[in-house]
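1. starting from these lines, generate the structure:
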Amino acid sequence: MTHPSSDIIPIMLQDSAFIQELDAKHIKKYVKNHDKSIPLEPLYTQEDIPAVVEKFIGKQYEEKFQILPNIFVKFYPAGHILGSAIIEVSWKEQGQEKILVFTGDLGRPEKNMLLDAKSPEKADFLITESTYGNKLHETQKISKEKLANIIMRTVENNGKILIPSFSLQRTQEVIYDLHLLQEEGKIPNIPVFVDSPLAIKVTQVYKKYRYAFDEETKRDFFLRGEVPLESKYITYTPDVADSKKIKFFKGPCIIVAASGMCEGGRIRHHLMNEISKPENTILFVGYQAAYTLGRRILEKRPAIKIFNQYFPVKAKIEKLNGYSGHADYQEILDFIAPIKGIKRIFIVHGETEQSYSFAGKLRKIGEKENKNWIVDVPESGEVITPETCIGGVCSFG
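-> Take a look at the predicted model:
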């Protein structure tokens, strides 16, 4: 794994284990007639994590290393979250080098802060994601302008802006843009509260790895002696006591808190206090799954239930679509275009409609540009062997 990942993963594992332990305890205490065939123990506990973490080995981007005899690996920036990586696996077969590239989650190339995804020079086989294989995102510039407009309108009404946000990457992106907008004078210098203990821990890791930031960040912040996730207007509130004080803050402010879908975390307390005030704005910057509290708010239901109590929804509800962590289909195509020698492409990590649509786009490009690649959408559980590949091009030796 990359060095940033080796620092972030223990934080996420600890949080996950803590939630699992709480859930198991809750079910044992309160849920009667539960399915006895389902174990009521966490998959892993906080005590299990140190033994896992001590086995981590961090690697630099583009550092080639051996994992097995004749098997080598190299990581490239993926631009998705801090530490995310495209994986290149290479080996020798009958004296010839073979290369397989797995994109993992590809980030958006114009997204601020992190290094953009880097295309390997060549690959025989490519496994690529297709989360948005049939969609185009609005540009980051448009999203940033919309963000500024929403904030300005709310401030004019003397309201507060609540931003439910995922603790990893999304919160850091939002803080970055808010910091930059204030630096540019496009929004007023009102307080920004980052009210998520998990997000605060993750943000400290972001600050540690300056080499993972892109040139724009270095230009806009580091060369001026500033840090992109720090300013006198940004307040991190890890302690419960400090979090509770936000309720009594008078005047406009911005509150960024987890969880991103409002199913847990401190955002629920802020919603309970602020969602019934018409001067306020609830701003979503991420996907809201069906049946979540976030989805119900986004659907603009007249009232929502929080902590077993109904609250009328009078705040304005807004959503920005440009903060997606995944590249759209054109951005994935742009990533693939420079890679030489591709013989076969496997489309994964997408809903059926998205994956098959993206496969169709790649086939059309192959025909138009005389690329001799074969494009497949594997079925779940399908095993690719030399016998299932045309001309044996899938022989992994």
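2. hey, let's count contacts and neighbours off CA atoms from now on
-> Will do.
3. give the next helix or strand downstream of the helix or strand bottoming out on mean pLDDT in the chain.
-> Sorting the helices and strands of the chain by mean pLDDT, DSSP states H and E puts helix 215-220 at the bottom, at a mean of 87. Downstream of helix 215-220, the first helix or strand assigned by DSSP states H and E is strand 234-236.
4. and that following strand, how far out from the chain's middle?
-> Distance of strand 234-236 from the chain centroid (C-alpha atoms, centre = their mean, to the nearest Å) equals 21 Å.
5. sticking with Trp91, tell me its helix or strand.
-> strand 85-93.
6. from the chain's centroid, how far away is the helix or strand following that strand?
-> Beyond strand 85-93 in the direction of the C-terminus, DSSP H and E gives the next helix or strand as strand 96-102. Using C-alpha atoms, centre = their mean, the mean C-alpha position of strand 96-102 is found 27 Å from that of the whole chain.
7. in the stretch 151-300 of the chain, mark out all the strands, start to finish.
-> Assigned by DSSP state E, counting those that start in this stretch, the strands in the stretch 151-300 of the chain fall at 160-164, 192-194, 234-236, 253-257, 281-284.
8. so which of these is nearest Ser143?
-> With respect to Ser143, and counting by C-alpha to C-alpha, the nearest of the strands of the stretch 151-300 of the chain is strand 281-284 at 11.8 Å.
9. what is Ala282 paired to in the beta sheet?
-> Quick fix: residue 282 is Ile, not Ala. Leu162, Ile317 (DSSP bridges).
10. distance of it relative to Ile161?
-> 6 Å (C-alpha to C-alpha, to the nearest Å).
11. ditto for Ile127
-> Taking C-alpha to C-alpha, one finds Ile127 at 40 Å from Ile161.
12. which one of the two has more residues nearby?
-> More crowded of Ile127 and Ile161, by other C-alpha atoms under 10 Å: Ile161, with 23 against 20.
13. how about the residue nearest the centre of the chain, secondary structure?
-> With distances taken as C-alpha atoms, centre = their mean, the chain has Gly325 as the residue nearest its mean C-alpha position (4.7 Å). At Gly325 the chain is in coil, as set by DSSP: H, G, I helix; E, B strand; the rest coil.
14. my guess is it contacts Gly104. True?
-> No: Gly325 lies out of contact with Gly104 (C-alpha atoms under 8 Å); the separation is 12.0 Å.
15. per-residue confidence for Lys32?
-> pLDDT for Lys32: 69.
16. oh, I was asking about Lys111
-> Note for Lys111: predicted pLDDT of 77.
17. surely it is within a strand?
-> No: under three-state DSSP, Lys111 sits outside any strand and is assigned coil.
18. gap between it and Gln169?
-> Distance of Lys111 to Gln169, computed by C-alpha to C-alpha: 11 Å.
19. would you state the helices of the stretch 251-397 of the chain in chain order?
-> 267-274, 293-298, 329-336, 352-368 (DSSP state H, counting those that start in this stretch).
20. sort out which residues of the shortest one are buried, please.
-> Within helix 293-298, the residues scored as buried using 16 or more other C-alpha atoms under 10 Å are Leu293, Gly294, Arg295, Arg296, Ile297, Leu298.
21. distance from the chain centre to it, please.
-> Centre-to-centre, helix 293-298 and its host chain are 19 Å apart (C-alpha atoms, centre = their mean).
22. cool, stretch 71-90 as well?
-> 16 Å.
23. cool, and stretch 11-19?
-> Taking mean C-alpha positions (C-alpha atoms, centre = their mean), stretch 11-19 and its chain are 17 Å apart.
24. flag every buried residue along the top helix by length along the chain.
-> The helix spanning the most residues in the chain, taking DSSP state H as the definition, is helix 3-30. By 16+ other C-alpha under 10 Å, the buried positions in helix 3-30 come out as 3-17, 20-21.
25. and for stretch 183-198?
-> Applying a neighbour-count criterion of 16+ other C-alpha under 10 Å, one finds Ile187, Pro188, Asn189, Pro191, Val192, Phe193, Val194, Asp195, Ser196, Pro197, Leu198 buried in stretch 183-198.
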